[in-house]
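Visitor: All I have is the shape, not the residue letters:
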Ligand code: SF4
């Protein structure tokens, strides 16, 4: 199986914490034509049936309905089991949701809620309120969409209590899937500038861990399976598309800022809409030269913090027996301390150590 990711590089405005490639909507028709050209010029890179399609960004719900219809007209959607679109609550009007259901093959919606506290939403520059998020989520569920909601913890002014309230409000909505990320202060964002000038501060490691533990506890209480550091799902509703990033499944990434992997080679599209349109989406992709060590390091980083862990047979097949032996030897002390687990063919980090697993993974990385 394989997937397609489409990066829509447009947003209504820039959230304070965001470093994704995005800008206000412009040159929409040229962008969609370039996307179509890119798809036809590169689709042979993926030879397996396309099972997942993911429209991310950016904010795909910024696009006009005509543009969304054009995208689903040129994509091969017939074999796809999971077709996801990212939307923001302010775009999820009843009209839009009904239209999406009736005129597109989308069956899964990923919505960025981020917080259920209006003060926290304002600080990070979101354009919607908590009430709008509840109304949008309810309407999406009532219309039969498989729904994933995103939250952020460690926000400025967020307390353990306000995080717990946000979490509970979201869990009470009973979405199929939940993605929760620890806020990160990325270089060049407004939030980082606010931190540098003392307007906001970062939560301590202790508070971050407390918030993470609360998240794991609540999600379990509400019946969600914790299957990757940031992801929780009701049974059968894990994200098939995102799982493909962690289990080395090929995916074709289209649009400026998108990344691709054909099973062996990683490629990326530079984040530059003007150049993308100038070349009409053709010949825009850059191959990321990766030696065996770099490929192995990617494998470590993507697989150790998942519920299924790292596949030792696959590791040996891809990189050689020496790498498998290195992993088994390195894991030894963590296994004896109960920080890692191992079964006949997999090894992984125990879930309550995922948040602080960077230092563990460093031991498995090869330089
Ligand atoms: S809507 Fe999403 S992609 Fe756009 S600026 Fe906000 S966080 Fe970034």
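Guide: Now that the structure is in, tell me what you want to look at. All values reported here derive from a predicted model rather than from experimental measurement.
Visitor: Alongside the ligand, which residues does the stretch 51-200 of the chain contribute?
Guide: Residues of the stretch 51-200 of the chain found near the ligand (C-beta under 6 Å from any ligand atom) are 57, 58, 59, 88, 112. Backbone N, C-alpha and C define where each C-beta goes, glycine included.
Visitor: Swap in 5 Å and give it another go.
Guide: residue 59 (C-beta under 5 Å from any ligand atom).
Visitor: remind me which residues of this structure are low pLDDT?
Guide: For the chain, applying pLDDT under 70 flags no range at all.
Visitor: mind listing the helices for it?
Guide: Under the criterion DSSP state H, helices of the chain are mapped to 28-42, 65-74, 94-103, 118-123, 130-142, 160-173, 190-196, 205-221, 240-246, 273-278, 292-303, 312-319, 321-336, 358-364.
Visitor: which one of the ones you listed is the most hemmed in?
Guide: Highest mean neighbour count of those: helix 240-246, a mean of 20 (counted as mean count of other C-beta atoms under 10 Å).
Visitor: Packing partners of it?
Guide: strand 2-8, strand 50-57, strand 82-87, strand 225-228, strand 251-254, helix 292-303 (3 or more C-beta pairs under 8 Å, 6 or more residues apart in numbering; DSSP states H and E).
Visitor: Tell me which other helices or strands the fourth one touches.
Guide: Identification of packing neighbours for strand 225-228 by 3+ C-beta pairs under 8 Å, 6+ apart yields helix 205-221, strand 231-233, helix 240-246.
Visitor: What's the local residue count around the spatially closest residue to residue 348 that is not a sequence neighbour?
Guide: Spatial nearest neighbour of residue 348, excluding adjacent residues (C-beta to C-beta, 6 or more residues apart in numbering): residue 309 at 2.5 Å. Other residues near residue 309 come to 19 when the count uses other C-beta atoms under 10 Å.
Visitor: Settle this for me: residue 309 is touching residue 347, isn't it.
Guide: Yes. Assessed by C-beta atoms under 8 Å, residue 309 is found in contact with residue 347 at 5.4 Å.
Visitor: anything in contact with each of those two?
Guide: residue 341 (C-beta atoms under 8 Å, 6 or more residues apart in numbering).
Visitor: Looking at the helices and strands packed on helix 240-246, spot the one closest to residue 338.
Guide: Among these, the nearest to residue 338 by C-beta to C-beta is strand 225-228 (17.4 Å).
Visitor: Give me the distance between that closest one and the centre of its chain.
Guide: 14 Å (C-alpha atoms, centre = their mean, to the nearest Å).
Visitor: if we can go back for a sec, is it possible to get JSON lines of the helices of the chain that adds distance to residue 228?
Guide: Listed next are the helices of the chain as JSON lines, based on distance: least, C-beta to C-beta, whole Å:
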{"stretch": "helix 28-42", "distance to residue 228": "28"}
{"stretch": "helix 65-74", "distance to residue 228": "27"}
{"stretch": "helix 94-103", "distance to residue 228": "27"}
{"stretch": "helix 118-123", "distance to residue 228": "24"}
{"stretch": "helix 130-142", "distance to residue 228": "22"}
{"stretch": "helix 160-173", "distance to residue 228": "18"}
{"stretch": "helix 190-196", "distance to residue 228": "24"}
{"stretch": "helix 205-221", "distance to residue 228": "12"}
{"stretch": "helix 240-246", "distance to residue 228": "7"}
{"stretch": "helix 273-278", "distance to residue 228": "31"}
{"stretch": "helix 292-303", "distance to residue 228": "10"}
{"stretch": "helix 312-319", "distance to residue 228": "17"}
{"stretch": "helix 321-336", "distance to residue 228": "19"}
{"stretch": "helix 358-364", "distance to residue 228": "14"}
